[in-house]
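A.B. asks: got a structure for you, letters missing:
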């Protein structure tokens, strides 16, 4: 989950967070107003429900849900390697460069999206996807 932008926490109360407690996974996806609770029985999902972050009570049971990446930047070994190489190439780095140090250790800092081109070798322009733009 961390690779697609979600942060592991003890209790899910904000978008982009998830918690794993035994056979329960709580996830707060940006495409829903309430977080999702997946209740497992073994390796199968037993129930899916939306819950209230204040009292942890079920709001609604559902048969399915979709969740999307929380960030455009996936932090994995390849993207972190790209970031290191590109950051050093494009910026003068000093010994106390907190952003560089945090990101290269896998910490998702606020505003990390400004470094998007440094993580990927090839980004496609919107004009390449949508004709006549």
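C.D. replies: Cool, got the structure. This is a predicted model, so every value here is computed, not measured.
A.B. asks: which secondary structure elements does the helix or strand that residue 87 is a member of contact?
C.D. replies: Assigning secondary structure by DSSP states H and E places residue 87 in helix 77-90. Applying 3 or more CB pairs under 8 Å, 6 or more residues apart in numbering; DSSP states H and E, one finds that helix 77-90 makes contact with helix 98-104, helix 116-119. From N, CA and C alone the C-beta is placed, and that goes for glycine too.
A.B. asks: any chance of those in TSV, with mean pLDDT and mean neighbour count too?
C.D. replies: Conversion of the helices and strands packed on helix 77-90 to TSV gives the following (pLDDT from 0 to 100; neighbours: other CB atoms under 10 Å):
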stretch	mean pLDDT	mean neighbour count
helix 98-104	91	15
helix 116-119	93	17
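A.B. asks: is it possible to get TSV of those that adds distance to residue 45?
C.D. replies: TSV is the format used below for these (distance: least, CB to CB, whole Å):
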stretch	distance to residue 45
helix 98-104	34
helix 116-119	32
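A.B. asks: which one of those lies closest to residue 78?
C.D. replies: Judged by CB to CB, the one of the helices and strands packed on helix 77-90 that comes nearest to residue 78 is helix 116-119, at 8.9 Å.
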